[in-house]
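> sharing a sequence plus its predicted fold:
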Amino acid sequence: MLRRKISMALAVAISVSMLGMAGCGSGGNTAVDTSASSAAAGTSSTSAPQSSNEKVAIRILTRLSSNQPNAVAFRDRVKEFEDKNPNITIEDQSIEDEASFNTKFKTAVASGDVPELFQTYGGAAFGEYAKSGVAADLSADLEADKTWSEPFLPVFENFQFKDVEGTYAVPYEFFAVALFYNKDLFKQIGAEPPKTIEEFEAVSEKFKAAGIVPMALGEKDVWRGGHLIANLIDKKLGAQKNMDLADRKARYDDPDMVEIFKIINDWAKKGYFGDKPATYDNNAEKAMFHSGKSAMHMNGSWYVPEATASPIADKVGVVPFPYFSDKPDNQNVWMGGAGGAFCISGKAEGAKRDAALSLLKYTTSVDAFKYYQKVQKGGIFPIKMESDPSVVDRLTVEYSNLLNSAEFKAEVYSYDPLPTMSDKVRNEIQGMFSGQDPEKTAKNIQSEIDKNTK
Amino acid sequence: MNKKLYKLRSLPVYILATVWAVINLYPILFTVISSFKNNDELFSSATSALSLPTSLRFENYVEAFTKGNLARCLVNSIFISGSSTFLVLLLASMISFVIARLSYKINNILLIYFTLGVMIPIHTTLVPLLKMVNTLHGQNNYLMIIVLYTTFNMPMAVLLIVGHMKSISKSMDESAILDGCGPLRLYGNIIIPLTLPAISTAGIITFLYVYNDLLFGVMFISNKSMYTITLGMLTFVGAKVTEYGPIFASIIITVLPMVIIYLLFQEKVESGLAAGAVKE
């Protein structure tokens, strides 16, 4: 009897808790699944498909959730989009912390339910998602809306793959490496900033004579030498060389590559990078530039805000990395590319896809980037645009103006199918700064490939 | 003489205890000091981790409340942790009562079932969980997240409470029943008060777990007004810049309630941890 009563009581308790669980269903957001025929994918870059007033709910997962100006600006734009399209509800699942983002995104992929719009950095891992249909091919959409797609800089390489046709993401972040210089120091030696490598060598000699380091390089951080060789390969051997090295059509110990190692070695020996560059890091290098001890500074677009906040802010100018006068064709090849990008879920269909695409256009249009630049008071974006000097700093304006006719390639080894090449190339170059001869450096790097292909 | 010798002998113990206390206090002190610094001061090579801030930056605390919306997060965290803890204790104590006090054949299987729950790493369950939650449209839903936390904290609580309940003499039940005590009164008025040390331990463990958890928050909450403390602190983590000052300030603010709760229940926790360890 007692047992029966107790089991009854427990059964009731369990039923109540089960009911509670079932109740969750009605408490959540009420996503209306619409599969209406898709409207002609947004012809304007700012409005959503107006085919129907059906309610559509989409989810977005980005790394723009912090209080940093870039994230705030993006969220403003999303809010504005929602206000303009009352039939679209956006659930922003974004999380900026890298580990948390990865957990959330990978779990979503594994469960087969990826948010309609999500963020990626492209590359080989993303290629797998492109192949398996996690991300949708956007090439037709880009083709169909030229006002949206044309202003983009040619930085889609990270989102296009050999074994699967199409473009799978649209960039919203960007980087490129240029040459910053101290205007006062150039006046002091009576020279113009170098356009070509020959001019670079000439001004470097003048700076040396004046007791100023031409271009300090904090080679204790191995990526500094990596960026230098990437620029030299782009300017001397052209963009294709990056691919040839990755495809094994060219070798690191080919004479033309050895010549590049020799240039770096030569400059180091002549003291263009200062005394013992391998003993100080990038921070020290920047400190030298900011204190007027070094005249030039090779760095990426990410350095612009730092330069603007530095003690020599109004003296800093920027030019493209010099090109070889006998290779004018490679003048516009830059080390650079896309950073973060947005893609649309391969499973999004009908009204959901249209809504996600409209949001994608709304957050990556020229107007959007102008707004981001205004809120961030600067910033370089993957798009050709006139920066408004009244809202952004001078250096940002100067920098963006350089990019209009550029072609971008990432660091040479980032294309390599062998993941250890990045470390290998960078470390061997550091070895060269410590006395290793250029031929040996080239051979050592090539041996890494040979060893792994045998 | 004896007393003196005793004191002398315990000297090393005191020294060790002091060293241990200093080691344990270091992170707390570091957090307090850092909560008044900005990033430049934190990373400056000119100062050490424990050097005092140049000025007391109370703006870190202000930012924690304004930008991080800490007050709301604190309420959410306490609500979610409190509700989950209440549910865990209610359900676990009832299940434990069945397992420990009644002689059903299924009891052993039930106990093994809950023991298995302790062994399953939470990360392995994420994918099916996400599917379930999405199917039920359970993102951003207090009830859903409370049910999830309750479920995942049940096994530990059941194990603790069963262990303690089993140590209470069976003759207690028999005499109660002879005196005309019904099953609900037996559960509520006799067994529960006797199991209180284990129940409060399970309660504190559950509360702390839920209060500190980030994973379920990241997975199932995206609405800012529902953010828990851990999610709120993440708003200071940017892809390129992390504002550590406000994070440390948030830590200080959110740790305080836990310290107070622990100090209040300290005795119960410590006696509860050993609960059921020895059969009397």
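Nice, I can see it.

> give me the phi and psi for the residue nearest to residue B:152 when sequence neighbours are not counted.
With sequence-adjacent residues excluded and distances taken as CB to CB, 6 or more residues apart in numbering or on different chains, residue B:152 is closest to residue B:122, at 6.4 Å. All C-beta atoms are positioned from the backbone trio N, CA, C, and that covers glycine. The phi and psi values for residue B:122, taken as degrees, to the nearest 10, are phi -60, psi -30.

> now do residue A:338
The phi/psi pair for residue A:338 (degrees, to the nearest 10) reads phi -80, psi 150.

> state the distance from residue B:183 to chain A.
In this view, residue B:183 and chain A are 4 Å apart by CB to the nearest CB, to the nearest Å.

> nearest residue to the middle of the chain?
Here I'm looking at chain A. The residue lying closest to the centre of chain A (CA atoms, centre = their mean) is residue A:339, at 1.5 Å.

> looking at chain B here, not the other one
Central residue of chain B (CA atoms, centre = their mean): residue B:208, 1.2 Å from the mean position.

> so is that one in a helix, a strand, or just coil?
Three-state assignment for residue B:208 (DSSP: H, G, I helix; E, B strand; the rest coil): helix.

> domain assignment for chain A?
The record's domain parsing of chain A by automatic domain parsing lists A:56-173+A:339-384, A:176-336+A:408-453.

> can you pull out the low-pLDDT segments for chain A?
A:1-52 (pLDDT under 70).

> can you pull out the strands in it?
A:56-61, A:88-92, A:117-120, A:170-171, A:174-182, A:213-215, A:294-300, A:316-319, A:333-338, A:341-344, A:407-409 (DSSP state E).

> among the ones you listed, which is nearest chain B?
Closest approach to chain B among the strands of chain A is made by strand A:88-92 (6.0 Å; CB to the nearest CB).

> and the closest one, what does it pack against?
strand A:56-61, helix A:69-84, helix A:350-363 (3 or more CB pairs under 8 Å, 6 or more residues apart in numbering or on different chains; DSSP states H and E).

> chain B: which of the ones you listed is closest?
Nearest to chain B, of these and by CB to the nearest CB, is helix A:69-84 at 7.0 Å.

> does chain B sit close to that closest one?
Yes - Helix A:69-84 lies within reach of chain B by CB under 8 Å from any CB of the partner chain, at residue A:71.

> okay, and the residue of the stretch 101-250 of chain B found nearest chain A sits in which element?
Among all residues of the stretch 101-250 of chain B, residue B:137 sits closest to chain A, at 3.5 Å; criterion: CB to the nearest CB. Using DSSP states H and E, residue B:137 maps to neither a helix nor a strand.

> what do you get for residue B:129?
Assigned by DSSP H and E, residue B:129 falls in helix B:126-135.

> now do the buried residues in the helix or strand following that helix.
Sequence-wise, the next helix or strand downstream of helix B:126-135 (DSSP H and E) is helix B:142-166. Of all the residues in helix B:142-166, those buried under the rule 16 or more other CB atoms under 10 Å in any protein chain shown are B:143-165.

> want to throw the strands of chain A into TSV with mean neighbour count?
TSV is the format used below for the strands of chain A (neighbours: other CB atoms under 10 Å in any protein chain shown):
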stretch	mean neighbour count
strand A:56-61	24
strand A:88-92	20
strand A:117-120	24
strand A:170-171	24
strand A:174-182	22
strand A:213-215	24
strand A:294-300	23
strand A:316-319	20
strand A:333-338	26
strand A:341-344	25
strand A:407-409	21
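
> show me the shaky parts of chain B.
Residues of chain B that meet the cut-off, pLDDT under 70, sit at B:1, B:44-47, B:268-280.

> if we can go back for a sec, would you turn the strands of chain A into a markdown table with distance to residue B:181?
Listed next are the strands of chain A as a markdown table, based on distance: least, CB to CB, whole Å:
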| stretch | distance to residue B:181 |
| --- | --- |
| strand A:56-61 | 54 |
| strand A:88-92 | 52 |
| strand A:117-120 | 59 |
| strand A:170-171 | 71 |
| strand A:174-182 | 75 |
| strand A:213-215 | 89 |
| strand A:294-300 | 77 |
| strand A:316-319 | 85 |
| strand A:333-338 | 73 |
| strand A:341-344 | 65 |
| strand A:407-409 | 81 |
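
> closest to residue B:175 out of the ones you listed?
strand A:88-92 (58.2 Å; CB to CB).

> what's the spacing between that closest one and its chain's center?
Its chain's C-alpha centre and that of strand A:88-92 lie 26 Å apart, by CA atoms, centre = their mean, to the nearest Å.

> could you give the angle of that strand to helix A:69-84?
160 degrees (axes from the mean of the first three to the mean of the last three CA atoms, to 10 degrees).
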